[in-house]
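Peer 1: Pasting the sequence and the predicted coordinates here, then a few questions.
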Amino acid sequence: MKELTRPAPFELSRDLVEQVLERALSRGADFAEIFAEDKTYSGIQFLDQKVKSCVSGQDFGAGVRVLYGTDAVYAYTSDLSLAGLLSLAEQVASAQTGIGRAARAEWRPVTPPVRHTLTVHPDDVPKTEKVAMMRRADAAARAFSKEIEQVEVSLASEYQRVFIANSEGLWTSEDRPYIRLMINAIATDGQQKQSGRESPGALAGWEWVEAQNVEELARSAAHTAVTMLHAPYAPSGKMPVVIENAFGGVIFHEACGHLLETTSVAKGASIFAGKLGEQIAHPCVTAIDDGTMDGEWGSLAIDDEGMPTQRTVLIENGILKSYMVDRVGALKTGYQPTGSGRRQSYRFAPTSRMRNTFIAPGHDTIYDMIGSIDYGLYAKKMGGGSVSPGTGDFNFAVLEGYMIRDGRIAEPVRGATLVGNGGDILQKIVMVGDNFAMAAGKCGSVSGSISTNVGQPAIKVSEIVVGGRA
Amino acid sequence: METQMKVAPFEAEVSLLLQFARERGLEHVEVYARRDEALTLRANQGSLESFQRSHSMGIGVRVVDGESVGYAYSENLSADALRRALGEAAGNAELVEGEPGAGLPLDVPDATAMDGLYNPQLDAVKLEDKIRHVLKSEETARTCDARVKAVPGCVYSDATSLVRVANSQGLDRYYQTNQSYSVVFPLVSFEGENRTGIDLRISRDFFQLDPEAIARAAVGHAVKRLGARPVKSGTYPVVFTHRAMGDLLSAFSDVFSAKAALEHKSLLAGKLGAQVASPLVSFIDDALMLDGFASRPFDDEGVPSRRVAVVEAGVFKTFLHNTQTARRMQAVSTGHAARGSYKGTVGVSPSNFYLQPGTATHQALVAGDGPVVMIDDLQGLHAGTNTISGDFSIQAQGWLYEKGEEVHAVSNITVAGNFLAMLAGVEAVGADLHFYPHGAYIGAPSVRIAALAIAGD
């Protein structure tokens, strides 16, 4: 295969960066950083069996951050001229007066590894070819059942170029190509409507789309919609639940992942604060947050503070091993940074965030788990959820669920939500399967919406509140 | 004369784009330009934890070719970048298949001037006063009650936005708006139980925001939630407080969108003129409300705003429309075209949208011999609601009432139902209308529903 030439890195001029950082430090700050971004976006939406909308754009701007101790001052602008950036630096400098005497260090340019697997830039592919793929997905979903009344297919690609330099001499940049395909199918019987979706994504190029079986993805979305259309409402109450692999990992992401970010740990607002080395989960649970997996949606070579990412073991055999730590989180807690400082764009100051976060595979089979339950719920596909950081209370929607009766998967049920508490559920994950998979998602938090993978094998939770209607 | 001399914002960019459009022979081009400036201060443990200032601006271009529409945006405002954006939008229009009704608004009337949307005095408030405000509210929250364990959120923010819409048909108008808000989010702990509370206030007058009052209200709210436990699973009469009702309305606001209806995503499709809710229910959208925080003289394609009765005494009167949805449904635009930002496409969104208050008192709302569950907080609205089917199943907390008296706080329950069935089951509407910023500015009073399923113990 032809080796791709790496494009020249996206950088601002040295002279400009030096002036901006020196101005930002001028009132006694301890640290100054500039993050610049040039991102092109292209999105196509296919709905009602035609191309419904098509948007292109360029995001362009920079943020300057200074720290006085752990207090952060941040400002951003879309004016990247010397005058625009110096005015920005002056504003952050004048927000506080510190006693720090940080001087700008000599430059140490760092060329990070390439984490993406792009070989074909999506902008080089004719849009008609993209539309042809979307049309195939639409046709496959509609062919699945006459009850499918609407199909939405969208393709979004972003080419994000970031440049980061700081007063400690860091000088680095990375190109991050994101691509995501979303298929949403709606089924109706004339009265009710139900939907199903598939939405894989990668840190890659068009070649990743070509490797997807889009018809199979479309049929899977349609299957969920049609199955749920004919399903009665889920019952309410406490019961054992088997949560399937891939997007099922949203349970760990919401219920535990957010509480292991120093953003909440440093404030004492997490139930897991101060519990390093303690048994916080059932011994069958090992959980990892890994930014180094090539081509994965949640991967990046460097975080948005310029630190190389790493594979961080969060929980090992039930024992809390690490938090996810950004620069300010490290200053506040004393833990070593883990390459977890992330932000949606130049419009956000970075904070500790997840990357590819998952429960590691175990040895149980899905058959063993289902077989061990007389009456419970099998959550085959999960929807989104949220968590209250102070209390760890969480909830998320079951997109496609089935009752388990006498050790077998029985009738489908709709409208179920799983409700519980992060600290509580970790102790109740009693079986971990061998069918590991990941799924792409968008995670929203204080530093914006970022790409993260969730993942797990199938797991059995011994008891959880199922909110339903029956 | 002085106002005549003033150069309108984005003058160079707008005239360049319209000139490029003429040069390319594009006859239907719209420019949406927007500038936002904001300041956000966060306090924690007695110090200013973060200070953020933002300046962003960008331009969105919409090109209409027959019935096909293409979009592009740029934050790079150089002439080359603007020319490229126009070219991208024109290319995208070629790819998009035409759709009936697409096009720029025609014969658009003048918009009402709304001078009150921008308060110049807010820009004159000294930075020190704002910093003092956020530190005071954090200190008050941290120290006013021994049960406060942390104050995870204490934020002051103000913002100024400027929007200009111009098109090749000669429409050209702009407005400026500003606001400030203050929010406190404390965590209280008592005998091992953690609860959070919140208070948020929003104003165009900085001095209307009382930092101590906000902090005390937020702590009071959290404390009132202590001692919570689930109720037994079953069907209960349910009272949604204005806060919870506002959350629900926000989650389901798309059912009133003509765009959602045309895309077969609205529960109200085909129900114009029908009784869709209890006669106690009326929904209004009023972008001209002077004390609203989604107020604007015109929408995002330049169509003047007006007050719209969406549901009157339970009867569904109209969807919210933009120019295109109105043409497709033989209606008139209600002035609800919305882009969100220059990056967005033209959709439909409510502005100041509210459930009209009634007359029921708190006592009347919780009355009855049997138990009544009052719900004040809904968690995970996005995950727990299906806006297409109207079904919801949402984690909730609140209080249990019996014989009109509060018995204990309630948590770890889910409340489930269907949005339209719930509106049909409205038994009483309170007088306590409150608004919350949800993107749109959504308001509701407290409301009693005859029966909803609660999952608890």
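Peer 2: That came in fine, so what should we check first? Predicted, not measured: the structure shown is a model, and the values here were computed from it. Numbering: from 1, shown residues only, chains lettered A, B, ... in the order given.

Peer 1: how about residue 300, phi and psi?
Peer 2: You didn't say which chain, so I picked chain A. Dihedral pair for A:Leu300: phi -160, psi 150, per degrees, to the nearest 10.

Peer 1: Identify the residue spatially nearest to the residue of the stretch 351-470 of chain A found nearest chain B, adjacent ones excluded.
Peer 2: At 2.8 Å from chain B, A:Gly467 is the closest residue in the stretch 351-470 of chain A, using Cβ to the nearest Cβ. The way it works is simple: take the backbone N, C-alpha and C, and place the C-beta from them, glycine included. Closest residue in space to A:Gly467, ignoring its immediate chain neighbours: B:Thr414 at 2.8 Å, by Cβ to Cβ, 6 or more residues apart in numbering or on different chains.

Peer 1: check contacts around the one you found.
Peer 2: If a contact means Cβ atoms under 8 Å, 6 or more residues apart in numbering or on different chains, then B:Thr414 has A:236, A:395, A:417, A:419, A:465, A:467, B:384, B:393-396, B:454-456 as its contacts.

Peer 1: which residues pair with it across the strands?
Peer 2: Beta bridges link B:Thr414 to B:Gln395, B:Ala455 when assigned by DSSP bridges.

Peer 1: quick one: pLDDT of A:Arg101?
Peer 2: Model confidence at A:Arg101, expressed as pLDDT, equals 69.

Peer 1: Could I get the full set of helices for the stretch 351-457 of chain B?
Peer 2: Assigned by DSSP state H, counting those that start in this stretch, the stretch 351-457 of chain B shows helices spanning B:362-366, B:381-384, B:419-424.

Peer 1: Pick the most buried one from these.
Peer 2: Mean neighbour count (mean count of other Cβ atoms under 10 Å in any protein chain shown) peaks for helix B:381-384 among those, with a mean of 22.

Peer 1: Return the residues of the stretch 101-250 of chain B in contact with chain A.
Peer 2: Proximity of the stretch 101-250 of chain B to chain A, by Cβ under 8 Å from any Cβ of the partner chain, involves residues B:Leu127, B:Lys149, B:Ala150, B:Pro152, B:Leu187, B:Asn194, B:Arg195, B:Thr196, B:Ser233.

Peer 1: Distance-wise, check B:Ala287 relative to A:Lys50.
Peer 2: The spacing between B:Ala287 and A:Lys50, counted by Cβ to Cβ, to the nearest Å, is 32 Å.

Peer 1: The two: who's more crowded?
Peer 2: For B:Ala287 versus A:Lys50, the count of surrounding residues by other Cβ atoms under 10 Å in any protein chain shown is larger for B:Ala287: 27 against 15.

Peer 1: The more buried one touches B:Arg296, doesn't it?
Peer 2: Yes: with contact defined as Cβ atoms under 8 Å, B:Ala287 reaches B:Arg296; the gap is 5.5 Å.

Peer 1: what is in contact with these two at once?
Peer 2: Among the neighbours of B:Ala287, those also in contact with B:Arg296 (Cβ under 8 Å, 6+ apart) are B:Ser305, B:Ser351.

Peer 1: now the helices: where do they sit in chain A?
Peer 2: Per DSSP state H, chain A has helices spanning A:14-25, A:82-93, A:127-144, A:206-210, A:214-229, A:250-255, A:262-265, A:327-333, A:366-371, A:422-428. These are given in chain order.

Peer 1: Could I get the average pLDDT for the third one?
Peer 2: What that stands for is helix A:127-144. Mean predicted lDDT for helix A:127-144 stands at 97.
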